[in-house]
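J.: build me a structure from this.
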Amino acid sequence: MPKPRHSLISLEATPYYHCISRCVRRAFLCGKDRFTGKCFEHRRGWIEDRLLELSRSFAVEVCAYAVMSSHTHTVLYVDRELAQSWTLDEVVERWHGLFSGISLSHRYLRGDDLCEAELNKLREVAEVWRERLMSVSWFMRCLNEHIARRANAEDGCTGRFWEGRFKSQALLDEAALAACLAYVDLNPIRAGMADRPENSEYTSIKRRIEELKLTADTPQGKQDASPNPKLFPFVGNPRQDMPKGLPFVFTDYLELVDWTGRIVREDKRGSIAADTPPILQRLNIEPKAWLQMSSEFEIQFHHFVGHPEAVQKACSQLG
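T.: Have a look, this model is predicted:
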């Protein structure tokens, strides 16, 4: 039986999660149906747009994604500190950006005078909303339900678009995070849908590379610190006063993805080690082990990904 979500997600263990959603019967409901010839490729754009849109309302950052023909991959970061810093106004406004809210919240935003009992009730409801706005489950619900309704409306039908619940994997350390990011970004290459990362449509790596090109052409002093402000930024290797972001140098990560992608495409797994990117040396991962992790991530790991000590700690925290 599937495990309950609360036994798989613990922000005390890690804020990083890899989520996978598959279409019903794994049919080509987002790409081209080879039987009918009908193309649903535009739905991949729906998913990409909705994913990035949700990150503006939730305290959940998008680290990586790949929208395939029959399934989606997302790597998410839950920013609990940000959610807990929101004022009552911010919580209500963010919730209203997704849902209709309640009469008290609408009156509050209009500036109507609320008695103390009404304010207390609104604060109580807002705390529930705050928890949901930093929930991986609610984020994925808002993503998948929106796409399912839109696709069913286009097809003039009802019923399921996605297979049951989404699958989630907790990424417990830097090695797990790096392997999962590369696994997601290289999905189209492994599937034969693209020949290089910059040509991989509807992926985070393509979006980051395009934004990097744009910022490179921007006058000095006006560049954004992140290659793409809508995605969780790369902020460099761990150090004191570390800002929020992915703990890798972006150029190192690009080199790693390119190196891994070449080996996967050429079917020379584990045979090229002389030019091993420095990120693997810092994470103390052997090239052969890295290639197995980054190409068989879902097969090699189930609910928790990390070194044995990190997995034991997470299991203890979750009981």
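J.: how many residues are close by Gln317?
T.: Neighbours of Gln317 under the rule other CB atoms under 10 Å: 12. In short, each C-beta sits where N, CA and C put it, glycine included.
J.: which residues touch it?
T.: Ser10, Glu12, Ala13 (CB atoms under 8 Å, 6 or more residues apart in numbering).
J.: helix, strand or coil for the first one?
T.: Secondary structure assignment for Ser10 (DSSP: H, G, I helix; E, B strand; the rest coil): coil.
J.: burial of it, as a residue count?
T.: Ser10 has 17 nearby residues by other CB under 10 Å.
J.: ditto for the second one
T.: Neighbouring residues of Glu12 were enumerated by other CB under 10 Å; the total is 10.
J.: show me the helices in this protein, by range?
T.: Secondary structure of the chain by DSSP state H: the helices cover 42-57, 80-85, 88-96, 103-110, 116-132, 136-155, 174-185, 187-190, 204-216, 250-266, 278-283, 287-295, 297-300, 308-317.
J.: most tightly packed of these?
T.: helix 174-185 (a mean of 25; mean count of other CB atoms under 10 Å).
J.: now do that helix against helix 287-295, angle only.
T.: 50 degrees (axes from the mean of the first three to the mean of the last three CA atoms, to 10 degrees).
J.: hmm, who's touching helix 174-185?
T.: Here helix 174-185 makes contact (CB under 8 Å, 6+ apart) with 16, 18, 63-66, 73-75, 169, 171, 197, 200, 203-205, 238, 246-248, 253, 256-257, 260, 279, 283-285, 290, 293-295, 297-298, 301, 305-307, 310.
J.: so it versus helix 250-266, what angle?
T.: Using the same axes, to 10 degrees: helix 174-185 against helix 250-266 is 60 degrees.
J.: Leu254 and Trp162, how far apart?
T.: Using CB to CB, to the nearest Å, Leu254 is found at 32 Å from Trp162.
J.: could you list the low-pLDDT ranges of this protein?
T.: Low-confidence segments of the chain (pLDDT under 70): 1-9, 25-29, 33-34, 36, 216-229, 265-275.
J.: what residues go with each domain of it?
T.: For the chain, automatic domain parsing gives the domain ranges 11-79+134-317, 85-132.
J.: picking up where we left off before, could I get the contacts of Gln317 as JSON lines with distance to Met134?
T.: Shown next, in JSON lines, are those (distance: CB to CB, whole Å):
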{"residue": "Ser10", "distance to Met134": "13"}
{"residue": "Glu12", "distance to Met134": "13"}
{"residue": "Ala13", "distance to Met134": "15"}
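J.: the residue nearest to Leu54 when sequence neighbours are not counted: what's it in contact with?
T.: Leaving aside its sequence neighbours, Leu54 sits nearest to Cys142 (CB to CB, 6 or more residues apart in numbering; 5.6 Å). Counting by CB under 8 Å, 6+ apart, Cys142 touches Leu54, Phe58, Leu98.
J.: of all the helices of the chain, which one comes closest to Pro233?
T.: helix 250-266 (8.1 Å; CB to CB).
J.: hang on, isn't Arg208 packed against Lys230?
T.: No. Using CB atoms under 8 Å as the test, Arg208 is too far from Lys230 to be in contact (10.0 Å).
J.: quick one on the thing from earlier: and which of the contacts of Cys142 is nearest to Leu104?
T.: Distances from Leu104 to the contacts of Cys142, taken by CB to CB, are shortest for Leu98, at 17.1 Å.
J.: and the closest residue to that closest one other than its chain neighbours, what does it touch?
T.: Excluding its sequence neighbours, the residue lying closest to Leu98 (CB to CB, 6+ apart) is Ser57, at 5.4 Å. Ser57 sits next to Arg94, Trp95, Gly97, Leu98, Leu133 when contact means CB under 8 Å, 6+ apart.
J.: quick one: Glu53 from Met140, how far?
T.: 14 Å.
J.: whoops, Ser57 was the one
T.: 14 Å.
J.: could I get the phi/psi values of the residue of the chain most remote from its centre?
T.: Largest separation from the mean C-alpha position in the chain: Cys115, at 40.9 Å (CA atoms, centre = their mean). Phi and psi for Cys115, reported as degrees, to the nearest 10, are phi -70, psi 170.
J.: since that was my last question, I'll sign off now.
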